[in-house]
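K.L.:
okay, predicted coordinates and the sequence, questions at the end:
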Amino acid sequence: MNPGHRDILTELEKDAFKEIINIAFGKAAASLADIIGLYVILSVPKIEILQPGEIQQFIEREINETKGLNIIEQYYIGKIRGAAFLVLSYENSKLLLSLLDGAEQQESLNFSSIAMLEQETVTEIGNIIIGACVSKTAELLKDFVTYTPPRFIGGKFSGYDLPQKLFDKETYAIVLKTLFQFENKDISGHLFLINSVESLDWLKKAIHDYMKHYGYE
Amino acid sequence: MDTNNLYSTQICDMMNIGIVVLDKDFKIHYWNRWLELHSGIMPASIVGSNLFDFFPNLNNPKFIRNCKSLFTFGNYYFLSQKLHHFIFPFKPVSASEFQFEHMQQSGSIFPIRNDKNEIQYICIAVHDVTELVAYEQKLIEMTKRDVLTDIYNRRYLEERMKDEFEKHTRYCRTLSLIVLDLDHFKGINDTCGHQYGDYILKSIVAVVKPCLRTVDVFARYGGEEFCCLLPETDIEAATRVAERLKDAVAAQEYFFQNTLIKVTISLGVAEACESTRTIDALFKNADDALYEAKKNGRNRVVVAKG
Amino acid sequence: MIKKILIVDDSIVARMGLKKAIPKDMPYEFYEASDGASGVEQFKTVAPDVVFLDLTMPVMTGFQALDEIMKIDKNAAVIVVTADIQKKTMDRVLEAGALLVISKPPSQEEIRSSLEKAGKFKEGVMKR
Ligand SMILES: [Mg+2]
């Protein structure tokens, strides 16, 4: 398999991968409801095969807002590996905090540290959401991953945020995008999983094994 | 015990980090030597106990939520010093770190899987970052200070002016500002040299500072110009302070090569009121008053017309 | 008796898998739709005996499609097949009139027994 090609996954494989993501995120949502007590409205994921240089544009297109963002970035390393970006607008971050215990703590701290506290708390929640989605996906593919510490990026997403070790300019990445909505709270965030093709052969096999196992193939 | 296991136990005990292993019920399964050293609790007396019995500070919804997430998803949980300050309430190691009541720590919690790949335990790894935080605080403090006089600098003054003005507009708190300038400072510099000029600046600061309260912000604005930001102070009180500063400075006697040098200051005072909509307007009022004081013969206080 | 089966799912792979899981003992007629809106349209024209309905779909979600279908026929036999296993989701679709909820991926056994239940429901032997 030549990774320098846009057709690295067939339409059927993409479709199956989307189903796997659906199921994984469904499981993640059920567990999240238990841990952070929020009901998640699941949406149809989107898969694109992109070159690292195209990813920034793709992300900007998918989220209408490009300024005033809170981004939590985390890398995951297993047989599947890549970068996860949870993108929230400032407004959404504030709302998310108000739902959690962050709000009470804020009052006890002085004014200048609220921004920092917000940042740290959003990062913490991002860590849980990303961990939920990625680990359930890995689990379905019979893999398990380890994570780097989550990193907070304020302002906007730039292509420089992608680690070059994982994303060679010459190859393609499998980019997954899904919308996260929390019911009744008007909070939504976009989750991007940018999978390196380093593990393409393994991923293809895992997708086919999955399809076979459930009689899809 | 196989060699692998032998190595890992030794590594865990020798490393300069704290390592504790817990199960789903927060029962402690491992307590390394670093933790023994800093807590004074022997492994034998803590292994098998519930973590919260020894460290009730961790028995909070946030910590429990994150640990639950770890057991469910196998993700990591990072405890930053900025947010948590410490995980275990230990004493700081070195006596020079007087400003901290507790050792500053950052940590991470990660899953430990059994041979069936199930998450059986979680491990908390704790680092002592007290020294780093002390450096950071020192650096932050340095960005606020004027190098020559060690009072606040213009950057910090502007920050505080914004904050205090915000309080004034939002909560109707009174706020006054004194702008003061050394008279004929250029002449001192020219005849006595810059070193002596610096000495005068430091001396004036030493005279002015004791006349102010700790809540006042005394800063070097630039050159020989200084500002005193006086929260909760009306124009009458501020004027009294300004007069006191003027007299205190004028009472000093300096000698350069056995020649007596008298130093005086001119001061402009203004209070934030309805017509001062911005902090810049307040500053301009005080600065204009200072200009009046200079024009009217120096060594005097002029109060801005409200 | 179940004859006409409508499968509404945006995933081709999911539709294929579902069809394969359906027992071959009966000459079923299959109809397919890839989003909620065309699922509702098909429901009107085909009048299927049973509908397998996905929830997360583009154009119109399964939640909305379920409401539309129940408006058209309050005795419709709709089996929701979904990846969304949050308890609230299950409660909600059952409330809206779904006969059963099966989590994805469905097993052959789940599909077989759900068809059996749908048959009994259609004959009036079993209530919702
Ligand atoms: Mg779907």
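P.N.:
Here it is on my side, so go on.

K.L.:
any stretches of chain C with poor pLDDT?
P.N.:
Low-confidence segments of chain C (pLDDT under 70): none present.

K.L.:
for chain A, what are the nearby residues on it?
P.N.:
Applying C-beta under 8 Å from any C-beta of the partner chain, we find that chain C lies next to chain A at C:10-14, C:16-17, C:20-21, C:55-58, C:82-88, C:103-105, C:108. Every residue, glycine included, has its C-beta placed from N, CA and C.

K.L.:
ok, now with 10 Å
P.N.:
C:9-21, C:35, C:54-59, C:61, C:63, C:82-90, C:92, C:103-108, C:111 (C-beta under 10 Å from any C-beta of the partner chain).

K.L.:
buried among these? Need that as a selection in PyMOL.
P.N.:
Provided next is the PyMOL selection string for whichever of the residues of chain C next to chain A are buried by 16 or more other C-beta atoms under 10 Å in any protein chain shown:
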select buried, chain C and resi 9+10+11+12+13+14+15+16+17+18+19+21+35+54+55+56+57+61+63+82+83+84+85+86+89+90+92+103+104+105+106+111
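
K.L.:
doesn't A:A83 fall inside a strand?
P.N.:
Yes. Inclusion of A:A83 in a strand is indicated when DSSP: H, G, I helix; E, B strand; the rest coil is applied.

K.L.:
buried residues, the longest helix along chain C. List them.
P.N.:
Taking DSSP state H as the criterion, chain C has its longest helix at helix C:108-122. Neighbour-count burial for helix C:108-122 flags C:110-111, C:114-115, C:117-119, C:121-122 (criterion: 16+ other C-beta under 10 Å).

K.L.:
in JSON lines, list the residues you listed along with distance to B:E253.
P.N.:
Formatted as JSON lines, the buried residues of helix C:108-122 follow (distance: C-beta to C-beta, whole Å):
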{"residue": "C:E110", "distance to B:E253": "99"}
{"residue": "C:I111", "distance to B:E253": "102"}
{"residue": "C:S114", "distance to B:E253": "102"}
{"residue": "C:L115", "distance to B:E253": "107"}
{"residue": "C:K117", "distance to B:E253": "105"}
{"residue": "C:A118", "distance to B:E253": "105"}
{"residue": "C:G119", "distance to B:E253": "111"}
{"residue": "C:F121", "distance to B:E253": "106"}
{"residue": "C:K122", "distance to B:E253": "110"}
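
K.L.:
so what are the sheet partners of the host helix or strand of A:I174 and their directions?
P.N.:
Element membership for A:I174 (DSSP states H and E) is strand A:173-182. Strand A:173-182 sits in its sheet next to strand A:40-41 (antiparallel), strand A:46-50 (antiparallel), strand A:187-196 (antiparallel), going by DSSP bridges.

K.L.:
buried sites along it?
P.N.:
Neighbour count says strand A:173-182 has A:173-182 buried, by 16+ other C-beta under 10 Å.

K.L.:
what about the strands in chain A?
P.N.:
Along chain A, the segments classed as strands by DSSP state E run A:40-41, A:46-50, A:69-77, A:81-89, A:146-147, A:151-155, A:173-182, A:187-196.

K.L.:
least reliable of those by average pLDDT, please.
P.N.:
Ranked by mean pLDDT, those bottom out at strand A:151-155, with a mean of 81.

K.L.:
contacts only, for the closest residue to B:T264 other than its chain neighbours.
P.N.:
In this structure, B:T264 finds its nearest non-sequential neighbour in B:N299, 3.8 Å apart by C-beta to C-beta, 6 or more residues apart in numbering or on different chains. Listed by C-beta atoms under 10 Å, 6 or more residues apart in numbering or on different chains, the contact partners of B:N299 are B:183, B:246-247, B:249-250, B:262-267, B:293.

K.L.:
am I right that B:Q120 sits in a strand?
P.N.:
Yes. The assignment for B:Q120 by three-state DSSP puts it in a strand.

K.L.:
pretty sure it contacts B:K27?
P.N.:
No. In terms of C-beta atoms under 10 Å, B:Q120 does not count as a neighbour of B:K27; the distance is 11.9 Å.

K.L.:
now mean neighbour count too, for the strands paired with strand A:173-182, in TSV please.
P.N.:
Conversion of those to TSV gives the following (neighbours: other C-beta atoms under 10 Å in any protein chain shown):
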stretch	mean neighbour count
strand A:40-41	20
strand A:46-50	18
strand A:187-196	23
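
K.L.:
out of everything not next to it in sequence, what's closest to the most centrally placed residue in chain C?
P.N.:
The geometric centre of chain C, computed from its C-alpha atoms, lies nearest to C:F52 (C-alpha atoms, centre = their mean), at 1.9 Å. Of all residues beyond its chain neighbours, the one nearest C:F52 is C:I7 (4.8 Å), with distances taken as C-beta to C-beta, 6+ apart.

K.L.:
and for the one you found, the neighbour number?
P.N.:
Counted with other C-beta atoms under 10 Å in any protein chain shown, residues neighbouring C:I7 total 25.

K.L.:
next: B:N189.
P.N.:
17.

K.L.:
likewise for B:C172?
P.N.:
By the criterion of other C-beta under 10 Å, B:C172 has 7 neighbours.

K.L.:
what separation is there between it and B:F73?
P.N.:
Distance from B:C172 to B:F73, counting by C-beta to C-beta, to the nearest Å: 50 Å.

K.L.:
mind listing the shared neighbours of B:Q120 and B:K27?
P.N.:
Common neighbours of B:Q120 and B:K27, counting by C-beta under 10 Å, 6+ apart, are B:V21.
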